[in-house]
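# based on what follows, work out the 3D shape:
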Amino acid sequence: MFFAEMGLTQHDSLTAAQAAASEAASASGGRVFTCVVFRQGGRLMLTTAFSYAFLTKHVISEPAVKGGNPRMATNRPVDTSHVRSIAKYLADNENNYILPPVTLNVRAVPAIHIPRGNFAMTVGFVVIGDETRFSITDGQHRLIAIHKRSESLSDDSTFLSDSISVVIVVEPDLARIHQDFADAAQTKQIPASLLAAFNTREPVNRVLTKIVDESPFFRGRIDETSKSLSKNSPAAFLLNQVRGLVKELLFRDYALSEASIPGRSAQVIGTTEAQDAFVQRTLAMLATLTEHMTPWKDVASLPTTGGVANQVVDFRRHYVNMTATGLVIIGHVAYEIEKNPDPAWREARYVELATKIDWRRDAAIWQGTIIVDDKISTTRGPGRAAAQRVMEVLRLWSPEPVLPLA
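All right, here's what the predicted structure looks like:
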């Protein structure tokens, strides 16, 4: 009954519905799309797929103007940097990418032909004329990026023939369209560690996973799914914290913006050979530190599960090098050490980094920099100051002033 009440045309069979839709399209100059017709939240919805060429002609974006009244527009203001990043992703991976479905709105019920029956969901055929226009409920930046990408295509590109899944909501009320956008935005952000584990398209993440898998110290002791490390976790670090170490080793900046990483990665580890070489040098560094540094050498001898593994909790409470800040300091110092081409010299410096530096939280070297009022800082400035003190102890050249010990 629901479909009949919504004005859909019902036929005795699926074949008859398809024939009627084709006849209507021929008469009106429209196109027929096979779709799934269903009800959700008391409203009529369709799902199908549109080619990019079709989208650029039939989908309109009505973004609000920053500083204006967003309630008078269909969509939120456009984030141009987000559009650029999606367009670049499409350009860089034209033969190997994925775009999630988008949700579109149409104010009036288009001509939809379905087989007769008391179905909660059915296959149907929707006729879309040249005059039909869809607005965007969710996916505005993806669709604008598709349009932007289409403007710079070569003649032999097949990009515009690609398609994207769409959900079409029949809704004439602008306030309800706004509410749909808000409802569709109820998503949970992916933890940075999980994103790093999955997004191996980025060279930094590829070398990161190899380092974690092949390092005896890290293997089995890294939490790769959580957003934060609980106080009683037996894991040594989050994957994203190890990623901070890798970013220091590569770029001398653990806080380098994600937008800047692809370009910098291409310069530093843009080839498989460069990535393999970086992984091997990093594993050599970690092996030396694990052999000589307290408490890493003790942690490496522990099982990764069971009650004994919970000693990691105590080590994390008492040692700087068992924290994300400690990893960043190690990475910052190692960046300077790695400038020297002599493997023997580098190994000697890492032995000194492991043995000459007192990594206990109450050591004087950390006081007044990363340790203030018995709390450890996670910001860049104090970490840099602490790293400078370490390099002074190791008699490494440093381009930055060294703060005196407290």
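# identify each buried residue in the helix or strand residue 285 falls within, please.
Following DSSP states H and E, one finds residue 285 within helix 272-292. Of the residues in helix 272-292, 274, 275, 278, 279, 282, 283, 285, 286, 287, 288, 289, 290 count as buried by neighbour count, 16 or more other C-beta atoms under 10 Å. From N, CA and C alone the C-beta is placed, and that goes for glycine too.
# and the last one, how far from residue 305?
Using C-beta to C-beta, to the nearest Å, we find residue 290 at a distance of 19 Å from residue 305.
# repeat that for the third one.
Between residue 278 and residue 305 the distance is 30 Å, computed by C-beta to C-beta.
# and for the fifth one?
When distance is defined by C-beta to C-beta, residue 282 is 26 Å away from residue 305.
# repeat that for the first one.
Distance of residue 274 to residue 305, computed by C-beta to C-beta: 35 Å.
# cool, the fourth one as well?
Between residue 279 and residue 305 the computed distance is 26 Å (C-beta to C-beta).
# other residues contacting the helix or strand that the helix holding residue 285 is followed by?
Per DSSP H and E, the first helix or strand lying C-terminal to helix 272-292 is helix 296-300. The contact list for helix 296-300 (C-beta atoms under 8 Å, 6 or more residues apart in numbering) reads 216-217, 221, 236, 289-291, 311-312, 315, 321-322, 354.
# list the buried ones in helix 296-300?
Neighbour-count burial for helix 296-300, counted by 16+ other C-beta under 10 Å, picks out 296, 299, 300.
# so which of those residues comes closest to residue 184?
residue 299 (44.4 Å; C-beta to C-beta).
# per-residue confidence for the residue most central in space within the chain?
Of all residues in the chain, the one closest to the mean position by C-alpha atoms, centre = their mean is residue 195, 5.1 Å from it. pLDDT, residue 195: 74.
# show me what contacts residue 245?
254, 327, 328, 330, 331.
# inside helices: which ones of the residues you listed?
Counting by DSSP state H, the contacts of residue 245 place 327, 328, 330, 331 in helices.
# farthest pair within those?
Maximum pairwise distance in the ones in helices among the contacts of residue 245, criterion C-beta to C-beta, is 7.3 Å, between 328 and 330.
# next one: residue 385 from residue 19, what distance?
Counting by C-beta to C-beta - residue 385 and residue 19 are separated by 77 Å.
# which residues does stretch 88-99 contact?
142, 145, 146, 149, 152, 157, 159, 164, 201, 262.
# how about a cut-off of 6 Å?
Outside stretch 88-99, the residues within contact range by C-beta atoms under 6 Å, 6 or more residues apart in numbering are 142, 149, 164.
# buried sites along it?
Across stretch 88-99, burial judged by 16+ other C-beta under 10 Å covers 89, 90, 99.
# may I have it as PDB, with CA atoms only?
Extracted in PDB, the C-alpha atoms of stretch 88-99 (Å, rounded to 0.1, in the frame of the first residue of the first chain):
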ATOM      1  CA  LYS A  88      44.100  15.000  -5.900                       C
ATOM      2  CA  TYR A  89      43.300  11.600  -4.600                       C
ATOM      3  CA  LEU A  90      41.200  10.900  -7.700                       C
ATOM      4  CA  ALA A  91      44.000  12.200 -10.000                       C
ATOM      5  CA  ASP A  92      46.700  10.200  -8.300                       C
ATOM      6  CA  ASN A  93      44.800   7.000  -8.200                       C
ATOM      7  CA  GLU A  94      42.600   7.100 -11.300                       C
ATOM      8  CA  ASN A  95      42.800   3.300 -11.800                       C
ATOM      9  CA  ASN A  96      42.700   2.300  -8.100                       C
ATOM     10  CA  TYR A  97      40.400   4.400  -5.900                       C
ATOM     11  CA  ILE A  98      37.100   4.100  -4.100                       C
ATOM     12  CA  LEU A  99      34.400   6.700  -3.300                       C
END
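# if you average pLDDT over it, what comes out?
The average pLDDT for stretch 88-99 rounds to 90.
# stretch 153-172 now?
According to the model, stretch 153-172 has a mean pLDDT of 88.
# ends of it, how far apart?
End-to-end distance for stretch 153-172, by C-alpha to C-alpha, to the nearest Å: 35 Å.
# how is the chain partitioned into domains?
2-184, 192-393 (automatic domain parsing).
# can you name the next helix or strand after the host helix or strand of residue 166?
If you go by DSSP H and E, residue 166 is part of strand 163-170. Counting by DSSP H and E, the next helix or strand C-terminal to strand 163-170 is helix 174-184.
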